[in-house]
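> any chance you could fold what I've pasted below:
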Amino acid sequence: MKRFPSSVYRLQLTKVFTLARATALLSYLKSLGIEGVYCSPYFEAYSPHGYDVINPNRINPKLASEKDYERFCQKLRDLEMFHLADVVPNHMGIKGENAWWQDVLEKGQNSKYAKFFDIDWSKGKILVPLLGEDREVEEEHYKLVPWWTSATKTSYRRFFTINELIGIRIEDPEVLREHHRLLFRLLRKKKVDGIRVDHPDGLLDPATYFQRLRKKHKGLIFVEKILGFGEELPKNWGVDGTVGYEFAHMLTGVFVEKNEELTRVYHRFIGQSRDFDEMLYKNKKSFLLKEMQGDIDNLAELLPASFGREKLKEAILELLSAFPIYRTYIPPKGPIPKRDIPYIQTAFKKAREKRPLLQKTFDFLEKVFALKSSHREFLLRFQQLSAPAMAKGFEDITLYQYNRLLALNDVGFDPARHGITIREFHAFCQKKQKSYPLGLLSTSTHDSKRSMDARMVLATLSQIPEQWEKALETFAELNRPHKTGGFPDQNAEYFLYQMILSVWPSKPSFERLWTSFQKSIREAREHTNWQEPNTSYELACELFLKKILEKGSPFVKALHKFYKTLAHYGRWNSLSATALKLAVPGIVDVYEGCEHLRYTLVDPDNRTPVNFKKKPDIKAELHKIALPFRKEHKELFIEGEYIPLEVEGEFSEHVIAFLRKKGKKSLVVAALRFFPTLDGLNQTKILLPKPFKKGRELFTGRGFEGSEILAQELFLEAPFAWIIFK
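From the prediction side, this is the model:
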């Protein structure tokens, strides 16, 4: 197996937290037991976050000088730490000094960079939707148009609906070679050891891109791929795994009880029933109609007009809205991958049910998807569009509308499942160990709606729906006088109470909460949105939040009283989850500051500066013991077997236990969950596959042996345990 770290740490670079400051932090990370580091993209970009690259062959001068970068790389080598680079191959920024883009605007198709960008030259001049009015001088190769026209007229592929980000044609070998010139040099010189690839779902042909990348780099490659529940990463990519969204879903979900009473509580509070799948379908469809109609028109133009353009557009819209995953991976040549066939069939089945009058059009499109016609370009472009349709419809709309339990509303999660069983969690870990043992184990990221610790507070609500409902009734009664014209509505109010509770341990300010709440109501698009903000509705929401948070308000007192019920449970959930995360197959990924208990909301909240001089809390102490142990026994955690352990007794469903085994080394890992309903462990016991001798619990030093372990003895001091047997 290739060289790999046992753990990595993510750092968000900014104008303030530069690469020089990151360098100064490396010794601390080394002492924590971290073996590798990766930063937000540091190639030259328009914004500090780095995802709008304007020159991929230069280190961003806003973040580091060349000397700063050299010092960073040298320090990593001196500390014998791995260095992963975050790469953005799908798109570039067209603001700022993007020399390639400027050359295209100046010379049009005669520019040497004309083929670098995903531009539809059949439309004549490039439509650049960045200004508020039309402007056209005749000699130019572009036309400046109002930004809002991009919804209906597009001449280049955008990143989602962001006009300032243009798709690039990384499928062209010359474009790949030029775009990755600096990256490949850094890899050759061993200044970079591995790669994190951002947004591969935007690429025309991801498999070929990764195969070409693999020829240049034999080391670690991770992909920011969001998988549906049970969906597998394409094998022909040849990568080492994902960045770990699906693991975050499984780990969070196993601390959520599948409780239908919670669903009833939600529906009673908002005064209506909400079906997640139907909401997702409608939101995808609405988003596509309002903001990507031009992209659908472009797709329809790739097919013969004999069926009628309008019917084709309607059928394409239905298929995109009904698609169950982000995208399929039909290649430019060759058959449809077997993994993709069930997803295509599901989409057609649902689309036909929704629009029975389009059956003949669907018949034709099914032939196209079955490769029985020469319209593969349509399929390749369809795949590139289905990904942003799902991303926006799911992540940025539905996850802010369906508010049953916000612990499950995050990137790569499935709120409709209402939680994960212990059996499902074990099955996931076993499969991961066999298929992608090096895949990252993420629990919080820069894209998370809430940090893991915030989610773990809310997970507790799934076990106490009756208490939660009483608290909601109290909150609503106390706060009713602060509504203006009935706003915020019940669903937004339900969201707000969970949002506040999730970060209550961090003593959130009004400004911090309002920034996130405003973002949530705009994303939900039920009364306001980003394009046309409803100022009266937003003002009502802002005043409501300000009033209920006033010092000494009855609501704050009631909220604090209810939070006391959750406080210990949420913290114990975090510790149990962390102990499991640090022991399962994969490379541990720690998002900056999350070695401590950290309660954050969606960006920009989760990208605020971290106090790295903070006094260690119990979660940090857990990392300080477990990470060096994991580093010392790296093969056990990456290559070792993952064996689920049977738990017997009245409270068996409260205990998650498994065995990691490699050669003569065996590690028993166990953690508690569902604390509100845990009333003593009585005779609950963990059964081992054979009698073990001279076992030592890593965190307490206590000894264990035999073929079974009594849970009440194991969890005397903490809700988790690691017992090492040699």
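> got the contact list for Y436?
L233, D240, G241, T242, G586 (C-beta atoms under 8 Å, 6 or more residues apart in numbering). C-beta: built from backbone N, CA, C; applies to glycine.
> what do you get if the cut-off is 10 Å, keeping everything else the same?
By C-beta atoms under 10 Å, 6 or more residues apart in numbering, the contact set of Y436 is F222, E232, L233, V239, D240, G241, T242, P585, G586.
> can you check L317 too?
Contacts of L317 by C-beta under 10 Å, 6+ apart are K284, K285, L288, L289, M292, Q293, I296, L299, A300, A351, R355, A389.
> tell me, what's the model's pLDDT at the fifth one?
Yep, that's M292 we're talking about. Listed pLDDT for M292 reads 95.
> check the first one too.
The per-residue pLDDT reported for K284 equals 98.
> let me see the contact set for the residue lying closest to it once chain neighbours are set aside.
The shortest distance from K284 to any non-neighbouring residue, by C-beta to C-beta, 6 or more residues apart in numbering, is to G393 (3.3 Å). Residues in contact with G393 (C-beta under 10 Å, 6+ apart) are 279-288, 320-321, 323, 399.
> from the contacts of L317, which land in helices?
Residues of the contacts of L317 located in helices (DSSP state H): K284, K285, L288, L289, Q293, I296, L299, A300, A351, A389.
> now the fourth one. Nearest residue, chain neighbours left out?
Closest residue to L289 in three dimensions, ignoring its sequence neighbours and counting by C-beta to C-beta, 6+ apart: L317, at 6.9 Å.
> for the second one, same thing?
Among residues not flanking K285 along the chain, S321 sits closest, at 3.9 Å (C-beta to C-beta, 6+ apart).
> re the thing from before, what subset of the ones in helices among the contacts of L317 is buried?
K284, K285, L288, Q293, I296, L299, A300, A351, A389 (16 or more other C-beta atoms under 10 Å).
> closest to K551 among those residues?
K284 (42.9 Å; C-beta to C-beta).
> just checking, the closest one touches K350?
No - under the criterion of C-beta atoms under 10 Å, K284 makes no contact with K350, lying 11.4 Å away.
> quick one: the buried ones among the ones in helices among the contacts of L317 as CSV, columns for distance to E139 too.
Converted to CSV, those look like this (distance: C-beta to C-beta, whole Å):
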residue, distance to E139
K284, 41
K285, 41
L288, 36
Q293, 31
I296, 32
L299, 32
A300, 32
A351, 46
A389, 37
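> Three-state assignment for the spatially most central residue of the chain, please.
When C-alpha atoms, centre = their mean is applied to the chain, the residue found nearest the centroid is V411 (3.7 Å). Recorded secondary structure, V411: coil (DSSP: H, G, I helix; E, B strand; the rest coil).
> dump the residue contacts of V602.
So V602 contacts 399-400, 410-411, 447-451, 499, 515-516, 519-520, 523 (C-beta under 10 Å, 6+ apart).
> same deal with I119?
V104, G108, Q109, I126, L127, S155, Y156, R157, I166, G167, R169 are the contacts of I119 under C-beta under 10 Å, 6+ apart.
> the last one: how many residues sit nearby?
For R169, the neighbour count with other C-beta atoms under 10 Å is 17.
> check what pLDDT it gets.
98.
> for it, grab phi and psi.
Backbone torsions of R169, given as degrees, to the nearest 10, read phi -100, psi 70.
> all helices for the stretch 351-500 of the chain, in order.
With DSSP state H, counting those that start in this stretch as the criterion, the stretch 351-500 of the chain has helices at 359-369, 376-390, 422-435, 452-459, 465-479, 490-503.
> so which of those helices is the most packed in?
Most buried of those by mean neighbour count (mean count of other C-beta atoms under 10 Å) is helix 452-459; its value is a mean of 29.
> re earlier: will you turn the ones in helices among the contacts of L317 into TSV that also has distance to H83?
Listed next are the ones in helices among the contacts of L317 as TSV, based on distance: C-beta to C-beta, whole Å:
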residue	distance to H83
K284	38
K285	43
L288	40
L289	44
Q293	43
I296	42
L299	40
A300	46
A351	46
A389	35
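> and which of the residues you listed is nearest A24?
Nearest member of those to A24, counting by C-beta to C-beta, is A389, at 43.0 Å.
> I figured that closest one was touching E318, is that so?
No - when contacts are counted by C-beta under 10 Å, A389 is not listed as touching E318 (11.6 Å).
> quickly list what's touching both of the two.
K285, L288.
> from F517, how far off is K75?
40 Å (C-beta to C-beta, to the nearest Å).
> follow-up on the earlier one: out of the contacts of I119, which are inside helices?
Of those, the ones assigned to helices by DSSP H are V104.
> closest one of the contacts of I119 to E621?
For the contacts of I119, the nearest to E621 is G167 (46.0 Å; C-beta to C-beta).
> sorry, back to before: tell me what angle the host helix or strand of the residue nearest to K285 forms with helix 376-390.
Element membership of S321, judged by DSSP states H and E, is helix 309-322. Interaxial angle, helix 309-322 versus helix 376-390 (axes from the mean of the first three to the mean of the last three C-alpha atoms, to 10 degrees): 50 degrees.
> let the chain start at 20 from now.
Yes, from this point I'll number from 20; that puts the last item at helix 328-341.
> could you give the average pLDDT over helix 328-341?
Mean predicted confidence for helix 328-341 is 97.
> and the contacts of the helix or strand hosting L195?
Per DSSP H and E: L195 is located in helix 192-198. Residues from elsewhere that reach helix 192-198, judged by C-beta under 10 Å, 6+ apart: 62, 72, 75-76, 106-108, 111, 119, 131-132, 134-136, 187-189, 191, 203, 227-228, 231-232, 235.
> filter those down to the buried ones and hand me the ChimeraX line.
A single ChimeraX command is used to select the members of the contacts of helix 192-198 judged buried by 16+ other C-beta under 10 Å:
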select :62,72,75,106,107,108,111,119,132,134,135,136,187,188,189,203,227,228,231,232
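> among the contacts of helix 192-198, name the ones in strands.
Members of the contacts of helix 192-198 lying in strands (criterion: DSSP state E): F62, V72, P75, N76, V106, M111.
> is the last one bridged to anything, and to what?
What it means is M111. Note on M111: beta-bridge partners I185, judged by DSSP bridges.
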